[in-house]
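K.L.:
structure of the sequence below:
(one chain, ligands or ions: 1)
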Amino acid sequence: MKEAMKRKIREFALDLGVDDVGFAAASDYDSPLTPALDSIFPQAKTLIVMAYREASHCESENMRIAMSGRMGTMEFMESCNYRLSRYLERECKVKAMTTPASYPANVSPEAKFGLIADFSHRHAAIAAGLGNWGRHNLVIHPTLGARVLFSTVLSDIELPSDAQVSGELCNHCDLCVKNCQGGALDAEGKTEQMKCMAHSQPYGIGANIRFWTRFVDSTAEEQKKMMRSPEYMRLYQASFIGYQYHCFKCYSVCPVGQ
Ligand code: B12
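P.N.:
As a prediction, the model looks like this:
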């Protein structure tokens with residue numbers, strides 16, 4: 001009965017065009033740093049995780065091409081989340097709740113100003129049998145590799161977890177470490193987040209604060225020049241399109257599953 005329900009939900013999600021789907025019992029979600037599931041959805045019993053292989057835009061050296069591909073992938077992910085949650089409520093008569101693929105983030109100091117999400121998709125994906133950790137601290141999917149994004153729908157339907165991926169998928173080639181221009185992966189088992197962000201989001205919050213700090217200390221003439229500078233244009237664009245990644249290397253050079 002439960003396997004038939006899983007099959008029905010899996011087929012619906014695969015028909016949306018996602019690459020893979022996994023199920024995890026809420027009790028198997030073990031993410032020590034993010035808030036307890038209860039604080040999001042107290043009745044949550046199952047996590048339905050969808051995997052999306054990123055197309056080759058992430059290999060481009062042109063970061064606008066890479067980023068526009070990412071934005072398209074994220075839009076598709078949010079749409080799949082919505083469609084699956086409505087399917088669960090309409091056809092299966094259960095409660096369902098989407099979780100953000102990336103943002104909005106909790107930007108308070110307790111959540112390290114947006115670095116600790118309300119919900120961790122990597123931990124959910126591992127619990128749902130969709131992969132395990134690689135040297136880059138990303139989750140590697142057995143066939144799709146590391147170049148994969150995840151989104152999750154929570155539901156009060158009670159379903160058992162899929163089988164865990166057994167055996168390591170990372171081949172320890174260290175290409176992710178060697179290609180990380182921010183030097184953020186030098187220490188095994190953790191990403192140095194500030195180093196990653198300084199390189200991968202050069203027009204993020206840090207650059208924004210530095211720009212405005214310089215601005216207030218500048219003369220009226222200098223301020224006029226600053227407002228017309230390419231630097232300001234890039235900050236302006238980043239603030240209306242959301243996070244703007246300028247690096248996909250750890251993700252795109254990983255040879256597993258290519
Ligand atoms: C904040 C964030 C960032 C921050 C911080 C990253 C980080 N390490 O947490 C920054 C801006 C640096 C970042 C960068 C990137 N991110 Co990011 N990011 C997120 C976000 C929004 C939240 C992550 C979070 O809450 N972290 C806090 C806690 C849970 O994790 P943590 O601090 O890393 O600590 C745990 C892990 O380190 C873990 N761990 C790590 N290695 C190992 C190894 C073993 C053996 C074990 C047991 C545990 C373990 O143990 C810690 C405790 O549980 C998620 C989306 C989401 N909501 O899940 C995407 C997400 C993690 N990012 C993603 C991606 C793709 C990227 C980038 C490639 C950027 C890009 N261009 O797309 C880089 C990769 C950097 C890297 N190699 O680590 C994907 C990862 C997909 C995947 N295949 O795993 C996610 C899941 C987005 C998505 N919806 O798919 N990201």
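K.L.:
get me the contact residues on the stretch 151-258 of the chain for the ligand.
P.N.:
Within reach of the ligand by C-beta under 6 Å from any ligand atom, the stretch 151-258 of the chain has these residues: 189-191, 193, 196-197, 200, 245, 247-248, 250-251. From N, CA and C alone the C-beta is placed, and that goes for glycine too.
K.L.:
sec struct for residue 52, please.
P.N.:
Under DSSP: H, G, I helix; E, B strand; the rest coil, residue 52 falls in the strand class.
K.L.:
can you give me the neighbour number for it?
P.N.:
By other C-beta atoms under 10 Å, 21 other residues sit near residue 52.
K.L.:
kindly report the same for residue 15.
P.N.:
By other C-beta under 10 Å, the burial measure for residue 15, its neighbour count, is 9.
K.L.:
could you measure from it over to the ligand?
P.N.:
21 Å (C-beta to the nearest ligand atom, to the nearest Å).
K.L.:
helix or strand for the residue located most distally from the centre of the chain, just tell me which one.
P.N.:
Taking C-alpha atoms, centre = their mean, the residue of the chain most remote from its mean C-alpha position is residue 221, at 41.9 Å. If you go by DSSP states H and E, residue 221 is part of helix 220-227.
K.L.:
continuing past that helix, what's the next helix or strand?
P.N.:
Downstream of helix 220-227, the first helix or strand assigned by DSSP H and E is helix 230-241.
K.L.:
so which bits of that next one are buried?
P.N.:
234-235, 238 (16 or more other C-beta atoms under 10 Å).
K.L.:
the closest residue to residue 231 other than its chain neighbours: what's it in contact with?
P.N.:
In this structure, residue 231 finds its nearest non-sequential neighbour in residue 211, 6.5 Å apart by C-beta to C-beta, 6 or more residues apart in numbering. Residue 211 is in contact with 226, 231-232, 235, counting by C-beta atoms under 8 Å, 6 or more residues apart in numbering.
K.L.:
report pLDDT for residue 211.
P.N.:
pLDDT recorded at residue 211 is 97.
K.L.:
got the angle for whichever helix or strand it is part of vs helix 220-227?
P.N.:
Assessed by DSSP H and E, residue 211 sits inside helix 205-216. Using axes from the mean of the first three to the mean of the last three C-alpha atoms, to 10 degrees, the direction of helix 205-216 lies 150 degrees away from that of helix 220-227.
K.L.:
send me helix 205-216 as PDB with only the CA atoms.
P.N.:
Taking Å, rounded to 0.1, in the frame of the first residue of the first chain, the C-alpha atoms of helix 205-216 are listed here in PDB:
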ATOM      1  CA  ILE A 205      26.500  41.700   0.700                       C
ATOM      2  CA  GLY A 206      30.200  42.200   1.500                       C
ATOM      3  CA  ALA A 207      30.900  44.200  -1.600                       C
ATOM      4  CA  ASN A 208      27.600  46.100  -1.100                       C
ATOM      5  CA  ILE A 209      28.600  47.200   2.400                       C
ATOM      6  CA  ARG A 210      32.100  48.200   1.200                       C
ATOM      7  CA  PHE A 211      30.600  50.300  -1.600                       C
ATOM      8  CA  TRP A 212      28.200  52.200   0.600                       C
ATOM      9  CA  THR A 213      30.900  52.700   3.300                       C
ATOM     10  CA  ARG A 214      33.100  54.300   0.700                       C
ATOM     11  CA  PHE A 215      30.200  56.200  -0.600                       C
ATOM     12  CA  VAL A 216      29.300  58.000   2.700                       C
END
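K.L.:
and it, how far out from the chain's middle?
P.N.:
Relative to its parent chain, helix 205-216 has a centroid offset of 27 Å by C-alpha atoms, centre = their mean, to the nearest Å.
K.L.:
do stretch 169-180 as well
P.N.:
Computed by C-alpha atoms, centre = their mean, the chain-centroid distance of stretch 169-180 equals 19 Å.
K.L.:
ok, stretch 130-146 next?
P.N.:
13 Å.
K.L.:
pLDDT on that stretch, on average?
P.N.:
Mean predicted confidence for stretch 130-146 is 98.
K.L.:
what are the contacting residues of it?
P.N.:
By C-beta under 8 Å, 6+ apart, the surrounding residues in contact with stretch 130-146 are 19-20, 22, 49, 51, 53, 122, 125-126, 148, 150, 162, 164-165, 168-170, 172, 174, 176-177, 180, 185, 188-191, 250-251, 254-258.
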